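In: Just need the structure, nothing else, for what follows:
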Amino acid sequence: MLTRPLAGRDVVLYRLGTGAIRAVHPYCPHLGAHLGLAKVEGEDLVCPFHLFAFGPDGTCVRTGYDTPPPRSPLTQLPVHEANGAVFVWRHHDGRAPDWTVPDWHEIGHRSARSAVWELAGNAQEVIENSVDLGHFATLHGWSKAEISGPVVYDDASFHVSVRAHESAPLLGDFVVDVDVDGYGLGCLHVDVHTPRLGLRMCTMIMPTAIAPNRMQFRQRNRIAFDEPARLPAPLARAVSRTAARLLDRAVFRSSCEFTAADFPIWHHKEYLQPPRLAHGDGPIGPFRRWARRFYPPSPGADGAAVTGCGRRRGGTGRPRRADGGDGGHRPAHSAPAPHARPMRRGVSTRSRAGPGARRAPRVSARRSGVPRAPPCRPPRSVRCPASGRARPR
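Out: Coordinates of the predicted model:
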């Protein structure tokens with residue numbers, strides 16, 4: 001069993017005896033017990049309060065008294081497992097999924113490392129960072145960053161290629177090639193290649209809106225080294241694997257430190273729309289126009305109809321400032337899970353990171369002077385780690 005927050009509500013996830021995953025609203029329809037305390041018996045979820053059991057389709061199949069079960073099914077959410085993560089679909093008006101996260105390639109022979117943080121911020125701005133060229137130099141220290149080709153937008157996804165120029169002691173100047181594929185406002189798949197070192201890294205970035213102006217941020221990394229072409233194949237493979245084994249932890253730590261440089265900015269910043277853009281910022285404007293499809297229309301807009309998953313025909317449909325409540329105006333959101341292995345019972349709601357994962361840096365809880373961002377309306381799917389423990393908040 002596993003409980004994860006999504007857009008101000010808990011989601012309970014569990015794995016059936018067959019290995020299939022289910023995601024449901026957290027409260028038993030009988031008398032409201034939290035199902036994060038339930039247990040799985042074969043293919044049934046059994047409520048801990050009165051032992052009402054619910055089958056794979058959510059229907060009540062028996063009671064704890066051997067009386068006829070009521071017609072009170074669980075409320076299930078569409079769920080999808082891919083790339084070592086579990087994605088739960090949430091749409092602001094309950095519509096069915098109209099896109100999904102595809103299976104990606106995975107590199108290397110070692111298990112992925114993962115980490116999770118929780119902080120203030122708007123999940124959209126995490127995804128937007130991939131086209132914010134200016135901040136790579138000013139915040140992350142790249143000497144130069146340039147987009148290798150046009151940003152390609154295709155319905156609910158986009159692709160961008162970036163070439164970074166860096167410098168380091170002993171290495172001198174070198175190039176890093178970065179390919180980013182984004183899906184909705186909740187998932188990035190990033191391929192990083194440093195030819196000078198022969199290093200390849202495959203990273204998943206997964207921000208989940210858990211409340212207005214609040215998110216959980218998950219990162220999952222795998223690395224591999226190119227096999228030296230000058231060596232015989234068996235020896236080249238051994239060299240590549242040895243390098244990955246020795247440097248895996250250090251590379252993951254460096255990747256997390258690179259990511260964490262953005263945390264204080266996201267935690268304290270305000271979402272501005274429209275922004276006052278300048279030459280050198282990168283294609284932020286086109287990205288924001290694409291991102292509008294994941295939001296319902298703003299109040300008082302032109303009255304255009306909303307079509308699947310928060311996208312609309314006509315109107316602006318852009319993010320609005322937070323009002324502190326759910327408001328019922330949130331597109332679906334996807335919350336991936338760092339590990340995709342059978343869920344364990346009886347555990348805490350905190351996300352558990354994989355081996356070697358860094359703990360989230362502590363961020364000040366002081367709210368004075370912190371501007372409020374637009375509602376963290378979920379981007380179509382929700383990550384919910386498929387390992388760890390669950391209890392009600």
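
In: residue ranges of the strands in the stretch 1-150 of the chain, please?
Out: Assigned by DSSP state E, counting those that start in this stretch, the stretch 1-150 of the chain shows strands spanning 2-6, 9-15, 21-24, 39-41, 44-46, 53-54, 60-62, 76-77, 79-82, 85-88, 113-120, 144-147.

In: Please compute how far the fourth one lies from its chain's middle.
Out: On the basis of Cα atoms, centre = their mean, to the nearest Å, the separation between the geometric centre of strand 39-41 and that of its chain is 27 Å.

In: got it, and the last one?
Out: Once both centres are worked out by Cα atoms, centre = their mean, strand 144-147 turns out to sit 25 Å from its chain's centre.

In: In the stretch 101-250 of the chain, where is pLDDT below threshold?
Out: Counting by pLDDT under 70, the stretch 101-250 of the chain has no low-confidence residues at all.

In: for the strands of the stretch 1-150 of the chain, which one ends up most surrounded?
Out: Stretch with highest mean neighbour count among those: strand 85-88 (a mean of 29; mean count of other Cβ atoms under 10 Å). (Glycine included, C-beta is placed from N, CA and C.)

In: Tell me which strands that one pairs with, and in which orientation.
Out: Strands adjacent to strand 85-88 in the sheet, as given by DSSP bridges, are strand 79-82 (antiparallel), strand 382-383 (antiparallel).

In: my read: G121 touches N213, true?
Out: Yes - when contacts are counted by Cβ atoms under 8 Å, G121 is listed as touching N213 (6.9 Å).

In: The nearest residue in space to N83 that is not next to it in sequence: neighbouring residues, count only.
Out: When the adjacent residues along the chain are set aside, N83 lies closest to W104, with 5.3 Å between them (Cβ to Cβ, 6 or more residues apart in numbering). Taking other Cβ atoms under 10 Å as the neighbour definition, W104 ends up with a count of 14.

In: looking at it, W104 is touching G84, isn't it?
Out: No - using Cβ under 8 Å, W104 and G84 do not qualify as a contacting pair, with a distance of 9.8 Å.

In: Same question for stretch 156-173: list its buried residues.
Out: Taking 16 or more other Cβ atoms under 10 Å as the basis for neighbour counts, the residues of stretch 156-173 that come out buried are A156, S157, F158, H159, V160, S161, V162, A164, E166.

In: Who are the packing partners of the host helix or strand of A238?
Out: Under DSSP states H and E, the secondary-structure element containing A238 is helix 233-260. In this structure, helix 233-260 packs against strand 113-120, strand 199-211, strand 214-225, with contacts taken as 3 or more Cβ pairs under 8 Å, 6 or more residues apart in numbering; DSSP states H and E.

In: Okay, buried residues for the helix or strand harbouring Y153 please.
Out: With elements taken from DSSP H and E, the one containing Y153 is strand 152-154. When burial is assessed from 16+ other Cβ under 10 Å, strand 152-154 yields the following buried residues: Y153.

In: what does stretch 69-76 give?
Out: Of the residues in stretch 69-76, those buried (16+ other Cβ under 10 Å) are L74.

In: do the same with stretch 239-252
Out: Under the neighbour-count criterion of 16+ other Cβ under 10 Å, stretch 239-252 has V239, S240, R241, A243, A244, D248, V251, F252 buried.

In: for stretch 186-204, same thing?
Out: 186-194, 197-204.

In: thinking again about what came up before, and the residue nearest to N83, what does it touch?
Out: With contacts defined as Cβ atoms under 8 Å, 6 or more residues apart in numbering, the neighbours of W104 are A82, N83, D181, H189, C202.

In: same deal with E128?
Out: Contact analysis of E128 by Cβ under 8 Å, 6+ apart lists I284, F287, R288, A291.

In: Tabulate those residues (JSON lines), appending pLDDT and distance to A23.
Out: Supplementary listing: these in JSON lines, determined by pLDDT from 0 to 100; distance: Cβ to Cβ, whole Å:
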{"residue": "I284", "pLDDT": "95", "distance to A23": "33"}
{"residue": "F287", "pLDDT": "96", "distance to A23": "29"}
{"residue": "R288", "pLDDT": "96", "distance to A23": "30"}
{"residue": "A291", "pLDDT": "95", "distance to A23": "25"}
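
In: As CSV, these with distance to L35, neighbour count and secondary structure would be great.
Out: Shown next, in CSV, are the contacts of E128 (distance: Cβ to Cβ, whole Å; neighbours: other Cβ atoms under 10 Å; DSSP: H, G, I helix; E, B strand; the rest coil):
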residue, distance to L35, neighbour count, secondary structure
I284, 41, 16, helix
F287, 38, 21, helix
R288, 38, 18, helix
A291, 33, 21, helix
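
In: ok, D262 touching N129?
Out: Yes - in terms of Cβ under 8 Å, D262 counts as a neighbour of N129; the distance is 6.5 Å.

In: the more surrounded of those two?
Out: Neighbours of D262 and N129, each counted by other Cβ under 10 Å, are more numerous for N129; the result is 23 against 20.
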